[in-house]
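Visitor: Mind folding the following:
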Amino acid sequence: MDSYLLSSLIWFPVVGSVAVLMTGGDKNADTARGIAAFVAIANLLLCIPLYMAFDPSSYLMQFQEDHLWIRAYKIHYGLGVDGISLAMIILTNFTGLLVILAGCHAIKVRVAQYMAAFLTMQGMMIGVFAATDAILFYVFWEGMLIPMYLSIGMWGSANRSYASIKFFLYTFLGSILMLIALLYLYHYTGTFKIQEFYGLKFSLHTQELIFFAFFLAFAVKVPMWPVHTWLPDAHTEAPSGGSVVLAALMLKLGIYGFLRFSMPITPLACQHLAWFMITLSLIAIVYIGLVAIIQTDMKKLIAYSSIAHMGFATLGCFMIYDIVVHTPDYQDAYMSLEGAVIQMIAHAFGSGAMFLGIGMLADRYYNHSRLIKDYGGIASRMPAFAAFFMLFAMSNVGLPGTAGFVGEFMVITSAIQAHFWVAFVAALTLILAASYTLWMYKRVFFGNIANDQVAQMEDLHWIEKTNYILLAVGVFFVGLYPTPVLNVLHATIGNLLIQSLPYAQPH
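Guide: Have a look, this model is predicted:
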């Protein structure tokens with residue numbers, strides 16, 4: 001079973017999506033919901049043997065599958081996981097279950113199609129994290145765009161057509177240069193196996209060209225400033241499930257691309273251009289944080305917040321090149337990269353939960369408004385929801401004891417060893433995040449009840465409460481005891497440092 005565990009995790013949701021579609025129209029919506037929930041739960045349970053059998057002391061790919069797919073071009077159906085991809089696969093299945101459960105309550109029309117789209121998307125994203133062949137990676141990378149495009153276009157808000165097309169064009173066009181880079185690497189090595197691309201002796205100029213080819217694809221996905229403009233539109237118009245997947249998973253694919261491709265394949269270019277990436281990360285943290293403060297739409301505010309928090313992850317990735325120059329202690333470099341990955345996980349819990357909550361409020365409002373001015377006094381009508389939302393807002397701010405604190409603390413602590421002012425500017429996000437998050441919370445949840453719509457709102461239903469309990473467990477688990485996650489990451493991060501630092505050997 002172990003040898004085909006990754007294939008099961010990828011294709012079971014895809015096959016399940018076909019079964020869901022075969023239930024027919026909305027007259028069998030309950031059957032579609034039941035099948036989708038069963039598939040999502042079963043796939044999450046499959047992560048248990050994956051985690052239990054994983055050897056955290058090894059940096060090698062585990063659970064490998066390798067089958068020749070296209071003989072003429074030596075393209076393989078190759079799968080495997082290391083510590084980083086294991087963490088992201090578990091996160092993908094956890095988030096997928098939450099989205100399906102939320103959709104069971106919120107989606108009333110074209111239920112089967114909705115469930116099928118998100119199950120397919122889940123399988124494609126697991127494929128991205130598990131692929132060890134570059135073309136297979138690219139197929140999964142592009143394949144996940146289609147169900148997300150459909151989810152925004154079919155179940156989104158009034159301006160959904162514009163948002164879905166903009167999302168697809170940005171992300172698809174950004175990937176074309178990545179494909180060209182992969183073809184160049186194949187021409188040089190004669191293989192598409194990703195790990196065969198590591199350690200190639202390219203000149204700095206060649207590495208820079210490859211780096212920028214990858215950069216456009218991954219920076220759009222993160223998204224980094226200034227190629228971030230598709231995200232607020234996509235978040236605003238997407239259904240709440242689409243917003244959760246975007247925030248919790250799809251943005252992480254860009255960071256994962258930097259870790260899997262850019263840093264180990266083009267280490268000289270990464271070292272030479274680290275200042276460029278650090279600058280863009282700081283702009284995202286500060287400037288986008290300021291943009292979030294002036295938003296009047298709750299979804300847009302959290303969308304801009306996501307861009308700022310992902311700036312922390314990219315900062316953690318590329319600060320290592322300055323850290324190893326200024327300090328001989330490679331533990332700071334470990335901490336920086338591990339902090340970036342923890343930040344990815346923590347952001348999934350905090351922002352994902354907040355997008356779910358905003359979707360709940362919009363579903364209860366007669367015109368599905370997401371404007372802050374239309375709400376007020378929610379806490380008096382929905383006390384359980386207000387308490388949960390406060391927890392996730394505090395995680396978004398970075399309160400100690402919550403998941404949001406751990407990654408930011410690790411990145412800032414490691415960055416200060418190299419550049420005090422970089423760490424100082426990065427730490428401004430704690431002030432900015434508190435400003436826009438608490439300002440929104442105060443206006444929406446406290447004060448007088450805004451209108452009759454708010455006065456008639458019901459508190460959390462059992463499905464919504466179940467989702468929030470699961471997310472709260474995640475927030476406290478990572479916030480109070482991140483050691484199991486760090487243990488899984490440590491050997492993989494060490495090997496990544498060896499591959500990514502051209503003149504240094506971490507120990």
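Visitor: The strand ranked longest in the chain: which residues count as buried?
Guide: Criterion DSSP state E: the longest strand present in the chain is strand 62-70. Neighbour-count burial for strand 62-70 flags Gln62, Phe63, Glu65, Trp69 (criterion: 16 or more other CB atoms under 10 Å). In short, each C-beta sits where N, CA and C put it, glycine included.
Visitor: can you put these in TSV and add distance to His419?
Guide: Shown next, in TSV, are the buried residues of strand 62-70 (distance: CB to CB, whole Å):
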residue	distance to His419
Gln62	36
Phe63	39
Glu65	43
Trp69	46
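Visitor: From what I see, Met88 and Tyr256 are in contact.
Guide: Yes: using CB atoms under 8 Å as the test, Met88 is close enough to Tyr256 to be in contact (6.3 Å).
Visitor: Between these two, which is the more surrounded one?
Guide: Neighbour totals were compared for Met88 and Tyr256, and Met88 leads with 25 against 22 (other CB atoms under 10 Å).
Visitor: So which elements touch the one helix or strand that one maps to?
Guide: Taking DSSP states H and E as the criterion, Met88 maps to helix 83-106. Other helices and strands packing on helix 83-106, by 3 or more CB pairs under 8 Å, 6 or more residues apart in numbering; DSSP states H and E, are helix 5-21, helix 29-53, helix 111-130, helix 240-245, helix 251-257, helix 330-364, helix 462-480, helix 483-500.
Visitor: What residues of that helix count as buried?
Guide: Those would be 83-104, 106, for helix 83-106 by 16+ other CB under 10 Å.
Visitor: Show me what the helix or strand of the chain with the lowest mean pLDDT is packed up against.
Guide: Least confident helix or strand of the chain, by mean pLDDT, DSSP states H and E, is helix 452-455 with a mean of 76. In terms of contacts (3+ CB pairs under 8 Å, 6+ apart), helix 452-455 is packed against helix 378-381.
Visitor: For the helix it packs on, which outside residues touch it?
Guide: Leu361, Phe385, Ala386, Val444, Phe445, Phe446, Ile449, Val454, Ala455, Met457, Glu458, Asp459 (CB atoms under 8 Å, 6 or more residues apart in numbering).
Visitor: does the second one sit in a helix or strand, and which one?
Guide: Using DSSP H and E, the element containing Phe385 is helix 383-397.
Visitor: sorry, back to before: what sits in contact with each of Met88 and Tyr256?
Guide: Phe129.
Visitor: could you check the distance from the residue nearest to Tyr468 when sequence neighbours are not counted over to Ala472?
Guide: Take Tyr468 and drop its neighbours on the chain: the residue closest to it by CB to CB, 6 or more residues apart in numbering is Phe388, 4.4 Å away. Counting by CB to CB, to the nearest Å, the gap from Phe388 to Ala472 is 7 Å.
Visitor: How about Ala29?
Guide: Ala29 sits at a distance of 29 Å from Ala472 (criterion: CB to CB).
Visitor: same thing with Gly25?
Guide: Gly25 is 36 Å from Ala472, by CB to CB.
Visitor: neighbour count winner among the two?
Guide: Ala472 (18 against 12).
Visitor: wait, that one sits on Met390?
Guide: No: between Ala472 and Met390 there is no contact under CB under 8 Å: 10.9 Å.
Visitor: What's the local residue count around the nearest residue to Glu464 once chain neighbours are set aside?
Guide: Spatial nearest neighbour of Glu464, excluding adjacent residues (CB to CB, 6+ apart): Met360 at 6.2 Å. Neighbour count of Met360, defined by other CB under 10 Å: 23.
Visitor: ok, now which ones touch the residue nearest to Tyr468?
Guide: Ala353, Gly357, Leu460, Tyr468, Ala472.
Visitor: what does Ile107 give?
Guide: Ile107 neighbours (CB under 8 Å, 6+ apart): Tyr114, Met115, Trp155, Pro239, Gly241.
Visitor: Farthest-apart pair in those, please.
Guide: With distances taken as CB to CB, the most widely separated pair in the contacts of Ile107 is Met115 and Pro239, at 12.1 Å.
Visitor: Return every residue with contacts to both of the two.
Guide: Common neighbours of Met115 and Pro239 (CB under 8 Å, 6+ apart) are Gly103, Ile107.
Visitor: So for those two, which sits in the more crowded spot?
Guide: A count of neighbours by other CB under 10 Å puts Met115 above the other of Met115 and Pro239, at 31 against 26.
Visitor: pLDDT score for the more buried one?
Guide: Note for Met115: predicted pLDDT of 89.
Visitor: Quick check: it touching Pro13?
Guide: No: judged on CB under 8 Å, Met115 makes no contact with Pro13 at a distance of 10.2 Å.
Visitor: Which residue comes closest to Ile146 once chain neighbours are left out?
Guide: Thr120 (8.0 Å).
Visitor: repeat for Leu290
Guide: Leaving aside its chain neighbours, Leu290 sits nearest to Leu432 (6.7 Å; criterion: CB to CB, 6+ apart).
Visitor: Distance of the one you found relative to Ile255?
Guide: From Leu432 to Ile255 the distance is 21 Å (CB to CB).
Visitor: picking up where we left off before, could you check how many residues crowd around the residue nearest to Leu290?
Guide: Around Leu432 sit 21 other residues, with neighbours defined as other CB under 10 Å.
Visitor: Ok, Val425 next?
Guide: 18.
Visitor: ditto for Gln456
Guide: Neighbours of Gln456 using other CB under 10 Å come to 12.
Visitor: what's the answer for the one 10 residues further on, then?
Guide: In terms of burial, Thr466 registers 15 neighbours under the definition other CB under 10 Å.
Visitor: go on, the one 3 residues further on?
Guide: The number of residues packed around Ile469, counting by other CB under 10 Å, is 12.
Visitor: residues in contact with it?
Guide: So Ile469 contacts nothing (CB under 8 Å, 6+ apart).
Visitor: run the last query once more with 10 Å
Guide: When contacts are counted by CB atoms under 10 Å, 6 or more residues apart in numbering, Ile469 touches Phe388, Leu460.
Visitor: Against Phe476, how distant is it?
Guide: The value you get for Ile469 to Phe476, if CB to CB is used, is 11 Å.
Visitor: swap in Phe389?
Guide: Distance from Phe389 to Phe476, by CB to CB: 15 Å.
Visitor: still on that earlier bit, please pull up the helix or strand immediately following the helix holding Phe385.
Guide: helix 403-415.
Visitor: Can you report how many residues lie near Phe276?
Guide: The burial count for Phe276: 14, using other CB under 10 Å.
Visitor: actually Ile431, not the one I typed
Guide: When neighbours are counted by other CB under 10 Å, Ile431 comes out with 10.
Visitor: ok, now which ones touch it?
Guide: Gly289, Val397.
Visitor: Report the angle between the helix or strand containing it and helix 383-397.
Guide: Ile431 is located in helix 420-445, with elements delineated by DSSP H and E. If you take axes from the mean of the first three to the mean of the last three CA atoms, to 10 degrees, helix 420-445 sits at 170 degrees to helix 383-397.
Visitor: Only the buried residues of helix 420-445, if you could.
Guide: Quick answer for helix 420-445 (16+ other CB under 10 Å): 422-423, 425-427, 429-430, 432-434, 436-437, 440-441, 443-445.
Visitor: Give the buried residues for the helix or strand where Ile176 lies.
Guide: Assessed by DSSP H and E, Ile176 sits inside helix 160-189. For helix 160-189, burial by neighbour count (16+ other CB under 10 Å) applies to 160, 163-164, 166-168, 170-172, 174-175, 177-179, 181-182, 185-186.
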